[in-house]
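S.K.: Predicted coordinates and the sequence they were generated for:
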Amino acid sequence: MAQIWGQVRKRMMRGSKFRLWFLGLGVVLVILGLIGIDNAVAMIWLNTLVSIATIMGIVIALVQFQWTNRNRQEDLNNKRFDYTKQALDYYVHEIIPLLDYDLAAFDAKMKVEMAKYMSHYNANNRELLEYLVISDLLTKFDPDINDFIENQVNLMGRLSRLSGYFYFDKVNQKQVLSIIGYRVQGYYKHRGIIASFSLLQERTHINNYLTVLVAVGQYVNTRS
Amino acid sequence: MDIDGLSGARLERLLSDQKLVDQTVAIALSVGALSERTQQLLRTEPLRDVLMDNTTGMAEELYKVLGK
């Protein structure tokens, strides 16, 4: 019987509820004890106890806050790593094949068209003329132009999606930019692409993709 | 990265220069190498509208890709 009671008592001691009851009982006993002594002395004791309890409460809350904050930071770091890997996988599988697109056919057509204006254009009007010629090319029912449009449009859509990782600050941006930066920068030096992108941007006002392009531009500038 | 160009800011600047716009339209019409439809539009519409109209097909493709 004594053995069983011993085990029950051990379990009770381990339980947090029991500890709480025990603490509560202690407080009640102290208060009862204080009621028995002189009123002024009891008030001093009570005030001291209240002060100690308040300070302890604040300290416990601060420790708890710090602990929760540290755990949350660790969770965020782990998530950031996951999203960085996800963004890089997306870039490798969905965007690189589009950046590999051969622009030779489009370049050749653009060159032929612009050559027709060679004796007319100058440094001032060449650029606007180029916009007009490219916009005209985009209306032609030509397999090479259709391929170009399909490629550009898909690229724009996918860069918009990749921009989400940057916009919501979900990735280790330096890591992603160090991998995608130079490749993307190189691709967007092409005059035809810049012109078709800006025409489309003017037409649709869709510019989510610019978030990643601006980040790439800034990154490459700081590295060079 | 030519963000000025990619964002359309430079195109806006070029289009705001009316003298340049008139000069460009005059050259395009005098050479006559653009498609018949574009030349027709250039004769009746402002250059900005012609550029936007020519980009409609590409914009529709983009809407399809983005699911809009």
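M.R.: Looks like it came in fine.
S.K.: For chain B, see how far away residue A:198 is.
M.R.: 4 Å (C-beta to the nearest C-beta, to the nearest Å). (Each C-beta comes from the backbone N, C-alpha and C, glycine too.)
S.K.: Touching, that residue and residue B:13? I think so.
M.R.: No - applying C-beta atoms under 8 Å as the test, residue A:198 and residue B:13 come out as separate, 11.0 Å apart.
S.K.: Pick out whichever of these two has more residues nearby.
M.R.: More crowded of residue A:198 and residue B:13, by other C-beta atoms under 10 Å in any protein chain shown: residue A:198, with 24 against 13.
S.K.: Quick check: pLDDT value at that one.
M.R.: pLDDT, residue A:198: 87.
S.K.: which residues does it contact?
M.R.: Residue A:198 is in contact with A:131, B:5, B:6, B:7, B:8, B:10, B:11, counting by C-beta atoms under 8 Å, 6 or more residues apart in numbering or on different chains.
S.K.: which among the residues you listed gets closest to residue B:44?
M.R.: Of all the contacts of residue A:198, residue B:44 sits closest to residue A:131, with 19.0 Å by C-beta to C-beta.
S.K.: Apart from its chain neighbours, what residue comes closest to that closest one?
M.R.: residue A:195 (5.4 Å; C-beta to C-beta, 6 or more residues apart in numbering or on different chains).
S.K.: Now the helix or strand encompassing that neighbour: buried residues?
M.R.: Taking DSSP states H and E as the definition, residue A:195 sits inside helix A:191-204. For helix A:191-204, the neighbour count (16 or more other C-beta atoms under 10 Å in any protein chain shown) marks A:192-204 as buried.
S.K.: any idea which residue sits dead centre in the chain?
M.R.: In the absence of a named chain, this looks at chain A. residue A:170 (1.5 Å; C-alpha atoms, centre = their mean).
S.K.: meant chain B actually
M.R.: Taking C-alpha atoms, centre = their mean, the centroid of chain B lies closest to residue B:51, which sits 2.0 Å from it.
S.K.: Enumerate every residue touching it.
M.R.: Contacts of residue B:51 were listed using C-beta under 8 Å, 6+ apart, and they are A:131, A:132, A:135, A:199, A:202, B:11.
S.K.: Which helix or strand lies directly C-terminal to the strand or helix carrying it?
M.R.: Taking DSSP H and E as the criterion, residue B:51 maps to helix B:47-54. Using DSSP H and E, the helix or strand that follows helix B:47-54 in sequence is helix B:56-66.
S.K.: Please enumerate residues in contact with that following helix?
M.R.: A:138-139, A:149-150, A:152-154, A:156-157, A:160, A:196, A:199-200, A:203-204, A:206.
S.K.: how far off helix A:191-204 does it point, in degrees?
M.R.: On the basis of axes from the mean of the first three to the mean of the last three C-alpha atoms, to 10 degrees, helix B:56-66 is oriented at 80 degrees to helix A:191-204.
S.K.: Any buried residues in helix B:56-66, and which?
M.R.: For helix B:56-66, the neighbour count (16+ other C-beta under 10 Å) marks B:57, B:58, B:59, B:61, B:62, B:65 as buried.
S.K.: Show me what the host helix or strand of residue A:98 packs onto, helices and strands only.
M.R.: Assigned by DSSP H and E, residue A:98 falls within helix A:96-99. When contacts are defined as 3 or more C-beta pairs under 8 Å, 6 or more residues apart in numbering or on different chains; DSSP states H and E, helix A:96-99 sits against helix A:143-167, helix A:173-187.
S.K.: The last one near chain B at all?
M.R.: Pointing back at helix A:173-187 there. Yes - applying C-beta under 8 Å from any C-beta of the partner chain, one finds helix A:173-187 in contact with chain B at residue A:185.
S.K.: how far off helix A:143-167 does that helix point, in degrees?
M.R.: For helix A:173-187 against helix A:143-167, the angle by the same axes, to 10 degrees is 160 degrees.
S.K.: can you pull the buried residues of helix A:173-187?
M.R.: Using 16+ other C-beta under 10 Å as the test for burial, helix A:173-187 gives A:173, A:176, A:177, A:180, A:181, A:184, A:185, A:187.
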